[in-house]
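**Student:** Sequence and predicted structure are below.
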Amino acid sequence: MATENKRKVVIPGEVIAKGDDFLPGEGTEKTDQGIIALRFGLAEEINKLIKVIPLSGVYKPRRGNIVIGKVENITFNGWVIDINAPENAFLSLTEVPRYVNKNGLDEFMDIGDMVVAKIWSINKRGIDLSLKSRGLGKIDEGLIVKINPHKVPRIIGREGSMINLIKNKTRCNITVGQNGFIWIKGETIDDELFSKKAILFIAERSYLSGLTEEVEKWFEQNKEKTK
């Protein structure tokens with residue numbers, strides 16, 4: 001069984017642990033056979049609670065998530081944003097923390113532009129976005145990387161350990177969208193590309209235990225880029 005320091009890949013229906021000592025967490029279910037996986041992902045045990053961290057699937061929006069999206073359409077009072085979810089989101093003019101001329105919404109953000117936003121509401125009408133927090137707004141420079149949304153926790157790491165490692169080694173500012181889009185902004189394009197390479201290295205190996213050590217080795221092998 002996977003422990004806090006060791007995770008293993010499981011498939012739906014696979015028995016992760018047996019006995020009454022363990023409790024089923026997210027992505028698992030307790031049966032007569034034991035605790036089984038309900039989805040493909042990484043099994044993890046923390047304080048006898050077992051959960052499965054998904055490695056594939058679509059992004060499920062949640063209130064409070066920071067997302068990176070593309071402007072798909074402009075209405076009379078806001079922007080329709082594609083956030084890589086089953087449905088588009090909406091950014092109302094009232095959720096922009098600066099004056100924008102109602103007759104010139106495209107001058108602030110046009111179709112095709114990328115934006116960092118926060119989900120402030122999910123209701124029957126749809127997903128509502130806001131720019132009223134620090135670090136949010138239109139993306140004018142840098143580059144954007146897309147990964148599977150379920151691999152985002154591995155890019156961030158425990159308490160931000162992994163993303164801080166990448167930032168320190170590549171000298172880039174990195175904004176991670178929970179929907180799988182990552183914005184990289186560095187002083188040079190080489191720094192940005194190096195950061196992108198590191199992120200993709202992690203995403204491709206998200207199923208590994210001891211991933212931090214693997215990433216540190218990777219940076220050591222590519223240390224000429226970190227000088």
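**Tutor:** Noted; the coordinates are in hand. What you are looking at is a predicted structure, and each value in this text was computed from that prediction instead of being measured.

**Student:** Show me what the longest helix seen in the chain is in contact with.
**Tutor:** Ranked by number of residues, the top helix in the chain under DSSP state H is helix 189-204. Applying C-beta atoms under 8 Å, 6 or more residues apart in numbering, the set of residues contacting helix 189-204 from outside is 142-143, 145, 147-148, 151, 154-155, 162, 166, 169-172, 174, 182, 184-186, 211, 215, 218-219, 222, 225-226. For glycine as for every other residue, the C-beta is placed from the backbone atoms N, C-alpha and C.

**Student:** Which of those residues fall in helices?
**Tutor:** 154-155, 162, 166, 169-170, 211, 215, 218-219.

**Student:** got the domain boundaries for the protein?
**Tutor:** Domains of the chain are assigned by automatic domain parsing as 8-54, 66-138, 143-226.

**Student:** Switch those domains over to TSV; also include mean neighbour count and distance to residue 60.
**Tutor:** Formatted as TSV, the domains of the chain follow (neighbours: other C-beta atoms under 10 Å; distance: least, C-beta to C-beta, whole Å):
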stretch	mean neighbour count	distance to residue 60
domain 8-54	16	10
domain 66-138	16	7
domain 143-226	17	8
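
**Student:** Which residues does residue 130 form beta bridges with?
**Tutor:** Beta bridges link residue 130 to residue 118 when assigned by DSSP bridges.

**Student:** contacting residues around it?
**Tutor:** 91, 95, 117-120, 136.

**Student:** And for residue 15, nearest residue in space, chain neighbours not counted?
**Tutor:** Excluding its sequence neighbours, the residue lying closest to residue 15 (C-beta to C-beta, 6 or more residues apart in numbering) is residue 34, at 4.7 Å.

**Student:** which residues sit in contact with that neighbour?
**Tutor:** 15-19, 22.

**Student:** which helices and strands does the helix or strand residue 69 falls within pack with?
**Tutor:** Using DSSP states H and E, residue 69 sits within strand 66-75. Counting contacts by 3 or more C-beta pairs under 8 Å, 6 or more residues apart in numbering; DSSP states H and E, strand 66-75 packs against strand 78-82, strand 114-123, strand 172-176, strand 181-186.

**Student:** Thanks a lot, catch you later.
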